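Peer 1: Sequence and predicted structure below; questions after.
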Amino acid sequence: MHTAPPLIAAALVGLGLVAVSPNSMRGQELWGRGVPAGQVQLTVGGEFEYADRTLGSGDGLEDLAAPWRVSDATLLFPETALQIEGLRAASGDPLWSPTVGPVRGTAQVSRVTFPVELRVGILDRLTFGTRITSRFDRVEGDFGVLPTEGADLGVNPAVTDRGAEVTALLTALNDARTALGDAGWDGFYFAMETAYRAGSFFPVEGSSVAVALSDRLVELDAALVAAQLPAIGLPLPTADAALDGAGLTTILTSLQGTYRGFQPIGTSLLSWNPGDAEVWLNWDVRRSGDINTVEGSGVSAWAGARLPFGTLENPNLIFDVGTGDGQLDLLGGVDGWLRRERWGVSGGLDLALPTGATERGVRLLGPGEVVGRSVAFQLLDWTPGTTFQLRLFPSLSLTSGLWADAGYVMDRQGDGTFDLREEVTGLPGVERVTDESGWTRHTLSFGLRLRPPDLAAARIEIWSRWSGAIAGEGPVTPAWSRLEFGGRVWRTLW
């Protein structure tokens, strides 16, 4: 299942000393990951990631903000069609069509990750490792509605601090139609209720449809006076101005609105979150050479677990990538490497298997919806798909101790599955959730590494690397570009 929900996502700024998504440090292992018995290896680092595009639907990378760039703002909110029918019926103009204006803008998501990794050589070929991470996420967006001549819809006063005015008018209309006992005014009341309650827009004061609605109120007052009943005497609450960027933010964030709970568009969010911790054991199946020499080769196998210390995606943020999947994952893989005095190559295969379902909240999406309504929030049991990574890293010695390397990585996560906790009511045609998994990413990278030829003299290694997604499939998955810095040191324990 793939979909593009959306928005505001953002830009990453990072710095430190090692790569860090669950498998990124492993992609650095050009000399194998084993540590000799009695020695400890400490790795620290930082990673800056940035994305303003998603992996797309198979035809190339897509702009992150693309789902929000529409020819008319009403297209972002399918329920507006019902509201328009109410306005047509209440105003008596069945041919009226609203004008709002196109939505334009940009969106970026970024994150800075700081990992700390420790490896200890337990036996000659057996190494224990663990990693913990912390991450700063930033979400940025700049969205607006282009000024359009004749724009006649703005923010519905019912979702602003003028909601009491709307409630007072609808209550008075209901009392009036009951008192008159005239079926003709029944239709007017229900049409007005739909016009105010069905969606997030309403005509701007002075627009043709607003004038027509005010005229109908005058007619109703006249009918009440003719029946020797008190007139309503209340003004028509209308939108203060044509929709703009601030109005779009109000629609998404108002606690009285349909989409309440989202962070404001245009706001930059910076938050710190822990990532999932990992522990593993590595066994060198075959090894020639050691960490004190340049030339050597080997094959190793490893197995471990990812512990659920990270945070899940927040369904009330327009765009959020989370820092974990909220459950215990089983990890495993194989690595191989070959190094010579002037060149080397390494590769590997990693798997991450979920152990079960996790309770989480999501916003379900119906046909044509870009962002889930608050009524669509549901708790469900989510089982993430299996994650697979294949990598290949050739390297070349530029001079004694200085290596240049390139790399190719293919990551894939299978489709997740979910079971709703309860039957969904009031949401006909639900098609998908806002944060579906299921993606494939192809990444190229280039880096430099400084490692003394004889680690016995200086047991330290430092590197820097740039990598970027070049292709893939996953309409809601960011196409990350990444800059990393890392370093590790070795010390003897016994």
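Peer 2: Yep, it's here. Residues are numbered from 1 along each chain as shown.
Peer 1: list the helices and strands the helix or strand hosting F48 packs on?
Peer 2: In this assignment (DSSP states H and E), F48 forms part of strand 39-51. Judged by 3 or more Cβ pairs under 8 Å, 6 or more residues apart in numbering; DSSP states H and E, strand 39-51 is in contact with strand 10-11, strand 103-121, strand 481-492. C-beta: built from backbone N, CA, C; applies to glycine.
Peer 1: repeat that with 6 Å
Peer 2: With contacts taken as 3 or more Cβ pairs under 6 Å, 6 or more residues apart in numbering; DSSP states H and E, strand 39-51 sits against strand 103-121, strand 481-492.
Peer 1: how many neighbours does the closest residue to G372 other than its chain neighbours have?
Peer 2: Spatial nearest neighbour of G372, chain neighbours left out: R363 (2.5 Å); criterion: Cβ to Cβ, 6 or more residues apart in numbering. Using other Cβ atoms under 10 Å, the number of residues around R363 comes to 22.
Peer 1: who touches R363 in this structure?
Peer 2: 315, 372, 376-377, 434 (Cβ atoms under 6 Å, 6 or more residues apart in numbering).
Peer 1: same deal with W283?
Peer 2: 125-126, 301.
Peer 1: Top of the residues you listed by number of neighbours, please.
Peer 2: Within those, R125 tops the neighbour count with 17 neighbours, counted by other Cβ under 10 Å.
Peer 1: On the three-state scheme, the closest residue in space to that one that isn't next to it in sequence is what?
Peer 2: Leaving aside its chain neighbours, R125 sits nearest to D284 (4.1 Å; criterion: Cβ to Cβ, 6+ apart). Three-state call for D284 (DSSP: H, G, I helix; E, B strand; the rest coil): strand.
Peer 1: Just the buried positions in the host helix or strand of Q378, please.
Peer 2: Using DSSP H and E, Q378 sits within strand 377-383. Using 16 or more other Cβ atoms under 10 Å as the test for burial, strand 377-383 gives 378, 380, 382-383.
Peer 1: Include distance to D350 and pLDDT when you put those into a markdown table, please.
Peer 2: Shown next, in a markdown table, are the buried residues of strand 377-383 (distance: Cβ to Cβ, whole Å; pLDDT from 0 to 100):
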| residue | distance to D350 | pLDDT |
| --- | --- | --- |
| Q378 | 32 | 80 |
| L380 | 28 | 81 |
| W382 | 22 | 84 |
| T383 | 20 | 86 |
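Peer 1: which two from those residues end up farthest apart in space?
Peer 2: For the buried residues of strand 377-383, the farthest-apart pair by Cβ to Cβ is Q378 and T383; their separation is 15.6 Å.
Peer 1: re earlier: count the neighbours of the residue nearest to R125 for me.
Peer 2: 21.
Peer 1: Let me know whether it touches L126 as I believe.
Peer 2: No: assessed by Cβ atoms under 6 Å, D284 is found out of contact with L126, at 7.9 Å.
Peer 1: Surely G385 is in a helix?
Peer 2: No: under three-state DSSP, G385 sits outside any helix and is assigned coil.
Peer 1: shaky segments in the stretch 151-300 of the chain?
Peer 2: In the predicted model, the stretch 151-300 of the chain carries pLDDT under 70 at residues 264-270, 290-292.
Peer 1: What are the boundaries of the strands in it?
Peer 2: 153-155, 201-203, 269-274, 277-288, 296-307 (DSSP state E, counting those that start in this stretch).
Peer 1: Same question for the stretch 351-494 of the chain.
Peer 2: Assigned by DSSP E, counting those that start in this stretch, the stretch 351-494 of the chain shows strands spanning 358-365, 377-383, 387-399, 402-413, 417-420, 432-433, 439-450, 460-478, 481-492.
Peer 1: Please convert those strands to CSV, extending it with distance to L217.
Peer 2: Listed next are the strands of the stretch 351-494 of the chain as CSV, based on distance: least, Cβ to Cβ, whole Å:
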stretch, distance to L217
strand 358-365, 37
strand 377-383, 36
strand 387-399, 60
strand 402-413, 56
strand 417-420, 44
strand 432-433, 42
strand 439-450, 53
strand 460-478, 45
strand 481-492, 57
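Peer 1: Out of the ones you listed, point me to the one whose mean pLDDT is lowest.
Peer 2: Looking at those, the lowest mean pLDDT belongs to strand 432-433 (a mean of 57).
Peer 1: what about T171, neighbour count?
Peer 2: The burial count for T171: 12, using other Cβ under 10 Å.
Peer 1: so who does it touch?
Peer 2: T171 touches nothing, counting by Cβ under 6 Å, 6+ apart.
Peer 1: quick revisit: just send the contacts of W283 back as TSV, with distance to A37 too.
Peer 2: Listed next are the contacts of W283 as TSV, based on distance: Cβ to Cβ, whole Å:
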residue	distance to A37
R125	8
L126	8
A301	18
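Peer 1: For those residues, point out the one with the lowest pLDDT.
Peer 2: Ranked by pLDDT, these bottom out at R125, which scores 92.
Peer 1: these two touch, right, G298 and R287?
Peer 2: Yes: if you go by Cβ under 6 Å, G298 and R287 touch, sitting 3.8 Å apart.
Peer 1: More neighbours: which of these two?
Peer 2: Neighbour count, other Cβ under 10 Å: between G298 and R287, G298 has more, with 22 against 16.
Peer 1: where's that one relative to G333, distance?
Peer 2: For G298, the distance to G333 equals 14 Å [Cβ to Cβ, to the nearest Å].
Peer 1: so T43 sits right up against V489, yeah?
Peer 2: No: contact between T43 and V489 fails when scored by Cβ under 6 Å: they sit 8.3 Å apart.
Peer 1: check contacts around L351.
Peer 2: Listed by Cβ under 6 Å, 6+ apart, the contact partners of L351 are 332, 388.
Peer 1: tell me the pLDDT at it?
Peer 2: 96.
Peer 1: quick one on the thing from earlier: got a markdown table for the contacts of R363, with distance to L64 too?
Peer 2: Output for those, formatted as a markdown table (distance: Cβ to Cβ, whole Å):
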| residue | distance to L64 |
| --- | --- |
| P315 | 18 |
| G372 | 17 |
| A376 | 22 |
| F377 | 23 |
| T434 | 14 |
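Peer 1: any idea which of those residues is closest to L493?
Peer 2: The closest of those to L493 turns out to be P315 (Cβ to Cβ; 45.9 Å).
Peer 1: I'd guess the closest one is in a helix, am I close?
Peer 2: No: with three-state DSSP as the criterion, P315 is coil rather than part of a helix.
Peer 1: My guess is it contacts V362. True?
Peer 2: Yes: proximity of P315 to V362 meets the contact threshold set by Cβ under 6 Å, at 5.1 Å.
Peer 1: Near R286, how many other residues are there?
Peer 2: 10.
Peer 1: Just give the closest residue to it, not the sequence neighbours.
Peer 2: Spatial nearest neighbour of R286, chain neighbours left out: V299 (4.8 Å); criterion: Cβ to Cβ, 6+ apart.
Peer 1: Give me the neighbour count for the nearest residue to G261 once chain neighbours are set aside.
Peer 2: Spatially, and ignoring its direct neighbours in sequence, G261 is nearest to N316 (4.0 Å; Cβ to Cβ, 6+ apart). Neighbour count for N316, taken as other Cβ under 10 Å: 17.
Peer 1: and the gap between A179 and L173?
Peer 2: For A179, the distance to L173 (Cβ to Cβ) stands at 11 Å.
Peer 1: The helices and strands packed on strand 39-51: which one's closest to S400?
Peer 2: strand 481-492 (19.0 Å).
Peer 1: Can you pull the phi and psi angles for the residue sitting furthest away from the middle of the chain?
Peer 2: Distance from the centre of the chain peaks at Q228, with 59.5 Å (Cα atoms, centre = their mean). Backbone torsions of Q228, given as degrees, to the nearest 10, read phi 60, psi 40.
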